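A.B. asks: fold the following, please.
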Amino acid sequence: MSRIGKKPVVIPANVTVTVAEGNVVTVKGPKGTLTQTLHPDMIIKTEGNVLTVERPDEEHLHKSLHGLTRTLINNMVEGVEKGYSKELDVNGVGYRVEKKGTQLVMNLGFSHQVIMDEIDGITVEVPNPNKIIVHGIDKQVVGQFAAEVRGKRPPEPYKGKGIKYTTEVIRRKVGKVGAKK
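C.D. replies: Take a look at the predicted model:
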């Protein structure tokens, strides 16, 4: 039995979950609405404020989908209730970030500025020139956008310059050592 899959999802009072034909799950909460189509073989049951996911048999595919389905529903419930955010740090001499309207304008040591537009469901906050905070209700979209921002200038191991997650630890390398005689 899947340890994650058999855990029930507790639905808060201010969140409503509806399961339609074909396992189309819609979650509404104070931050917004999320809809996702899950695998039709999974059995999703709602009893009061508790949602459970069951699998029809012990087939390998169903075993692997059991925990995934439960986690996706739990992430949707948590997203519409609290939301998700990712923080990024910008390190480097002359590297800075600013927000102009809905655009994120980054100076990352290139001969040009790197400009990224906010996408639907995402808000970008720049509290200071060296910090980016990405907010949203869909965990996958927030993580993907943060990864795309980081991908514009990933951190390098010698001086630590680039864009990194706040919680990320960069393993530093020693530079060249002079010629030995």
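A.B. asks: any buried residues in the longest strand along the chain, and which?
C.D. replies: Secondary structure of the chain per DSSP state E: the longest strand is strand 84-91. Within strand 84-91, the residues that count as buried by 16 or more other Cβ atoms under 10 Å are 84, 86, 88, 89, 90, 91. Bear in mind the C-beta positions are built from the backbone N, C-alpha and C, glycine included.
A.B. asks: can you lay out the residues you listed as a markdown table showing distance to residue 33 and pLDDT?
C.D. replies: Shown next, in a markdown table, are these (distance: Cβ to Cβ, whole Å; pLDDT from 0 to 100):
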| residue | distance to residue 33 | pLDDT |
| --- | --- | --- |
| 84 | 15 | 96 |
| 86 | 21 | 96 |
| 88 | 27 | 97 |
| 89 | 32 | 96 |
| 90 | 33 | 96 |
| 91 | 37 | 94 |
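A.B. asks: residue 155 contacts residue 164, correct?
C.D. replies: Yes. Contact criterion Cβ atoms under 8 Å: residue 155 and residue 164 qualify, at 4.3 Å.
A.B. asks: how much space separates the residue nearest the centre of the chain from residue 91?
C.D. replies: Note on the chain: the residue nearest the mean C-alpha position is residue 143, at 2.7 Å, using Cα atoms, centre = their mean. Plainly put, residue 143 is 21 Å away from residue 91 if you go by Cβ to Cβ, to the nearest Å.
A.B. asks: for residue 162, same thing?
C.D. replies: From residue 162 to residue 91 the distance is 6 Å (Cβ to Cβ).
A.B. asks: give me the common contacts of these two.
C.D. replies: residue 155 (Cβ atoms under 8 Å, 6 or more residues apart in numbering).
A.B. asks: next up, the contacts around the residue nearest to residue 3 when sequence neighbours are not counted.
C.D. replies: Excluding the flanking residues, the one nearest residue 3 by Cβ to Cβ, 6 or more residues apart in numbering is residue 67, at 7.6 Å. Counting by Cβ under 8 Å, 6+ apart, residue 67 makes contact with 2, 3, 4, 5.
A.B. asks: next, residue 46: secondary structure please.
C.D. replies: Judged by DSSP: H, G, I helix; E, B strand; the rest coil, the three-state class of residue 46 is strand.
A.B. asks: tell me what it is bridged to.
C.D. replies: Using DSSP bridges, the beta-bridge partners of residue 46 come out as residue 51.
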